[in-house]
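A.B. asks: for reference, the sequence and a predicted model appear below.
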2 protein chains.
Amino acid sequence: MANIRDLAKEAGVSVATVSRVLNGYPYVSEEKRRAVWEAVEKLHYTKNIQAVHLAKGRTTIVGVMLPYIHHPYFSAVIEGISKEALRYGYQLLLFQTNYDVERELEALERLRMKQMDGLIVCSHEAGSEVLAAYQEEGPIVLCEQAEEYDFFTVYIDHYRAFAKALRYLVHKGHRRIGYCIGRMTGPNSQARAAAYQDVLRDIGVVPRRHWVFDGCLFLEDGKRVMRQWVAMGERPSALLVTSDQVAAGIVLEAHRIGVHIPEELSVIGFDNDPLAEMLGITTVALPHFSLGEKAFRLLHHWLETGHVPRKQEELPTRLIVRTTG
Amino acid sequence: MANIRDLAKEAGVSVATVSRVLNGYPYVSEEKRRAVWEAVEKLHYTKNIQAVHLAKGRTTIVGVMLPYIHHPYFSAVIEGISKEALRYGYQLLLFQTNYDVERELEALERLRMKQMDGLIVCSHEAGSEVLAAYQEEGPIVLCEQAEEYDFFTVYIDHYRAFAKALRYLVHKGHRRIGYCIGRMTGPNSQARAAAYQDVLRDIGVVPRRHWVFDGCLFLEDGKRVMRQWVAMGERPSALLVTSDQVAAGIVLEAHRIGVHIPEELSVIGFDNDPLAEMLGITTVALPHFSLGEKAFRLLHHWLETGHVPRKQEELPTRLIVRTTG
DNA sequence: TTGTATGCGTTATCAG
DNA sequence: CTGATAACGCATACAA
């Protein structure tokens, strides 16, 4: 492949002039400018972007760390990130972790290696002290609440959102309230667990261990939950479900096996997935797409200006009452 | 940041030796080896990956070009690609195009610029002659059928799959058959249109323009289709729907407004989405995940060995008869 | 307006 | 086993 030196020789100018022309700098005579572009044509030249990155010390690449891609939540977040990245001419490097700490560390190491200008962490398993340790290696923006280490973060207050939905159920007369969650660890899950404990304590109900369903991520998990539910002794009368996909699974399976919703079981989902609307599922709308957008914008602003209006930004949630609870 | 020269000075060896140690080459005395690693610790050194890329002329990065991410089809494909990439130590650079040809060109240019070792094209809008022109700039693997330009491709024979489903409907006695599709252009859509024309011609039915519903990608689009359907004069008695999400939207909306499926309208989806199983939707199972996997493997094999067992690989489909058609 | 020289941080070749 | 030194391809400070 031709390089900048070949161009210089071909055009009869210096490499500096070639570089100036290629990057659109002023103060180059029209004549030489044309000569360079002609050489570009003739030699079928393209910049080697890696050399550019090395020379400039920047990449206009941002990393995105997330556990899964094929999941409505995360694919919406990426879509938001991606849209903004496109807008500002950045590229996205994907780090799928499956919540494996080793892989999370791999992504963080890549930040140290200057492979990208910054990293957006959508969700993580490693302790936040680990992330904190990498803060000085490069800009990191979190999509989860994290108070301790003064992270840059765009987040949803899951404690509040969960508590709000719980109180709504309590207000409707429910006392045996359970919930479904993707995993037990992680700040979001912890916040929800805390809200659950607090609200149940307030109404003087002792939470039962089997009212909590773990590993609920996909539609099929809802089906499983419903089956467990019918087989249970002391059934919850209401379920808070941290994903509309799972909520839909519950509702559809209930329908199939003849469990009446909300008479026998109230269901409140999260996300405001189109599926929830379609099925009339009461849900807490979460702004996933704009979460991604804002996370990117925060990072971008930081990268371009070196500072940022505010390090934390909370996004609003909204309870949408439909027919299932 | 410390670089390899600082390390050399600190450890009292040459940069060449440092490089050898860092890359685990043999023929380095144990003593110097230890000295280097100590210097690494002391100076908190990390490789600058951009310099490595430049020096080696490779990146172990592959690009993924696709129109949207937040879509069950594409996010499944990426998931498959990502899983294999992880396995072989490659990273993924995302190029979301929204089917904008400018953006597709941008991705292809990045291949020329050596930003990545190869490119997987999940779907594209630009003419295949454009892609073909970039074949010499770097390895490209397509996830769509493309006979003309001798592409490397892993694909589903959409003509066959579509024809198979159509004949099944014909066999069940249908003659007024319509279909829903994501977009009208692109090889997959053209193949389906061809199959549609051919099968209807075989049974002597003249296809009606309004039996074809364009722009069907998401659940909501199914709802829209169902509403159009009820308002139509000469309604199709069966619909082939190229996405289970859309098929689900149709089925759910039909249920809501009291249209009986399959008595009044048969519906056959594509994908074998969990939602289709849940709703009992007859569907053609498409191996999206393994499409991604195999696309990556093909590319990887090519990158590592410089050749490939076979350039084209077709993936099987399977009609799963449930209750909607 | 243009050119020279140097830096970016590695890898790889070739003597020794 | 080890070290100089030349790539890799581009950007840029400095001089002219």
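C.D. replies: Cool, the structure landed. Residues are numbered from 1 along each chain as shown, chains lettered A, B, ... in the order given.

A.B. asks: what does stretch A:16-30 rub up against?
C.D. replies: Residues from elsewhere that reach stretch A:16-30 (CB atoms under 8 Å, 6 or more residues apart in numbering or on different chains): A:Ile4, A:Leu7, A:Ala8, A:Ala11, A:Lys32, A:Arg33, A:Val36, A:Trp37, A:Ala39, A:Val40, A:Lys47. From N, CA and C alone the C-beta is placed, and that goes for glycine too.

A.B. asks: closest to A:Gly89 out of those residues?
C.D. replies: In terms of CB to CB, no member of the contacts of stretch A:16-30 lies closer to A:Gly89 than A:Lys47, at 14.7 Å.

A.B. asks: how about the helices of the stretch 1-150 of chain A, start to end?
C.D. replies: Using DSSP state H, counting those that start in this stretch, the helices of the stretch 1-150 of chain A run over A:4-11, A:15-22, A:30-43, A:49-56, A:72-87, A:101-112, A:128-134.

A.B. asks: which one, of these, ends up nearest to B:Gly80?
C.D. replies: helix A:72-87 (14.0 Å).

A.B. asks: could I get the CA-only coordinates of stretch A:295-307 as CSV?
C.D. replies: C-alpha atoms of stretch A:295-307 as CSV (Å, rounded to 0.1, in the frame of the first residue of the first chain):
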residue,chain,number,x,y,z
ALA,A,295,-24.1,8.4,28.6
PHE,A,296,-22.4,9.0,25.2
ARG,A,297,-23.0,12.7,25.4
LEU,A,298,-21.5,12.9,28.8
LEU,A,299,-18.4,11.0,27.7
HIS,A,300,-18.2,13.0,24.5
HIS,A,301,-18.4,16.3,26.3
TRP,A,302,-15.7,15.2,28.6
LEU,A,303,-13.5,14.1,25.8
GLU,A,304,-13.9,17.2,23.8
THR,A,305,-13.7,19.8,26.5
GLY,A,306,-11.9,18.1,29.4
HIS,A,307,-14.6,18.9,31.8
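
A.B. asks: so what touches that stretch?
C.D. replies: Counting by CB under 8 Å, 6+ apart, A:62, A:77, A:80-81, A:84-85, A:88, A:90, A:117-118, A:120, A:139, A:141-143, A:152, A:154, A:308-309, A:313 sit against stretch A:295-307.

A.B. asks: is any residue of stretch A:125-136 near chain B?
C.D. replies: No - Stretch A:125-136 stays out of contact with chain B when judged by CB under 8 Å from any CB of the partner chain, the minimum separation being 10.1 Å.

A.B. asks: average pLDDT for that stretch?
C.D. replies: Stretch A:125-136 shows a mean pLDDT of 93.

A.B. asks: can you pull the buried residues of it?
C.D. replies: For stretch A:125-136, a neighbour-count test (16 or more other CB atoms under 10 Å in any protein chain shown) marks A:Glu125, A:Ala126, A:Ser128, A:Leu131, A:Tyr134 as buried.

A.B. asks: tell me how chain A divides into domains.
C.D. replies: With domains defined by automatic domain parsing, chain A comprises A:4-47, A:56-156+A:288-315, A:158-285.

A.B. asks: of all those, which one is nearest DNA strand D?
C.D. replies: domain A:4-47 (3.3 Å; CB to the nearest atom of the strand).

A.B. asks: which of the domains of chain A sits closest to DNA strand C?
C.D. replies: domain A:4-47 (3.1 Å).

A.B. asks: just give me how far that closest one sits from the chain centre.
C.D. replies: Distance of domain A:4-47 from its chain centroid, counting by CA atoms, centre = their mean, to the nearest Å, is 43 Å.

A.B. asks: on that earlier part again, just put the domains of chain A in JSON lines and tack on distance to B:His255.
C.D. replies: Below are the domains of chain A laid out as JSON lines (distance: least, CB to CB, whole Å):
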{"stretch": "domain A:4-47", "distance to B:His255": "55"}
{"stretch": "domain A:56-156+A:288-315", "distance to B:His255": "22"}
{"stretch": "domain A:158-285", "distance to B:His255": "10"}
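
A.B. asks: write out the residues of chain A neighbouring DNA strand D.
C.D. replies: A:1, A:3-5, A:15-16, A:19-20, A:22-23, A:45-48, A:51-52, A:54-56 (CB under 7 Å from any atom of the strand).

A.B. asks: correct me, but A:Val121 touches A:Ala146?
C.D. replies: No - using CB atoms under 8 Å, A:Val121 makes no contact with A:Ala146, being 9.5 Å away.

A.B. asks: which neighbours do these two share?
C.D. replies: Contact criterion CB under 8 Å, 6+ apart; residues bridging A:Val121 and A:Ala146 by contacting each: A:Leu131.

A.B. asks: quick one, which of these two is more surrounded?
C.D. replies: A:Val121 (28 against 19; other CB atoms under 10 Å in any protein chain shown).

A.B. asks: kindly state the pLDDT recorded for that one?
C.D. replies: 98.

A.B. asks: which residues does it bridge with?
C.D. replies: Taking DSSP bridges, one finds A:Met65, A:Leu142 as the beta-bridge partners of A:Val121.

A.B. asks: quick revisit: hmm, which of the contacts of stretch A:295-307 are the buried ones?
C.D. replies: Members of these classed as buried by 16+ other CB under 10 Å are A:62, A:77, A:80-81, A:84-85, A:90, A:117-118, A:120, A:139, A:141-143, A:152, A:154, A:308, A:313.

A.B. asks: contact partners for the residue nearest to the spatial centre of chain A?
C.D. replies: Against the mean C-alpha coordinate of chain A, by CA atoms, centre = their mean, the closest residue is A:Cys122 at 3.5 Å. Counting by CB under 8 Å, 6+ apart, A:Cys122 touches A:Val64, A:Met65, A:Leu66, A:Pro67, A:Phe74, A:Val77, A:Ile78, A:Cys143, A:Gly292.

A.B. asks: with A:Ile140 instead?
C.D. replies: A:Leu111, A:Gly118, A:Leu119, A:Ile120, A:Val121, A:Leu131, A:Tyr134, A:Phe151, A:Phe152.

A.B. asks: repeat that with 6 Å
C.D. replies: With contact set as CB atoms under 6 Å, 6 or more residues apart in numbering or on different chains, A:Ile140 has these partners: A:Leu119.

A.B. asks: next one: A:Gln91
C.D. replies: A:Ile61, B:Leu93.

A.B. asks: for it, which residues count as its bridge partners?
C.D. replies: With DSSP bridges as the rule, A:Gln91 is bridged to A:Ile61.

A.B. asks: now it: how far from A:His53?
C.D. replies: Noted for A:Gln91: a distance of 11 Å to A:His53, by CB to CB, to the nearest Å.

A.B. asks: now do A:Ile281
C.D. replies: 47 Å.

A.B. asks: between those two, who's got more neighbours?
C.D. replies: More neighbours surround A:Ile281 than the other of A:Ile281 and A:His53, with 26 against 23 (other CB under 10 Å).

A.B. asks: which parts of chain A are strands?
C.D. replies: A:61-66, A:91-96, A:118-121, A:140-142, A:152-156, A:177-180, A:212-213, A:238-241, A:266-271, A:282-285, A:312-315, A:318-320 (DSSP state E).

A.B. asks: with distance to DNA strand C added, can I get those strands in JSON lines?
C.D. replies: JSON lines is the format used below for these (distance: least, CB to the nearest atom of the strand, whole Å):
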{"stretch": "strand A:61-66", "distance to DNA strand C": "16"}
{"stretch": "strand A:91-96", "distance to DNA strand C": "19"}
{"stretch": "strand A:118-121", "distance to DNA strand C": "18"}
{"stretch": "strand A:140-142", "distance to DNA strand C": "20"}
{"stretch": "strand A:152-156", "distance to DNA strand C": "24"}
{"stretch": "strand A:177-180", "distance to DNA strand C": "47"}
{"stretch": "strand A:212-213", "distance to DNA strand C": "48"}
{"stretch": "strand A:238-241", "distance to DNA strand C": "48"}
{"stretch": "strand A:266-271", "distance to DNA strand C": "43"}
{"stretch": "strand A:282-285", "distance to DNA strand C": "46"}
{"stretch": "strand A:312-315", "distance to DNA strand C": "32"}
{"stretch": "strand A:318-320", "distance to DNA strand C": "48"}
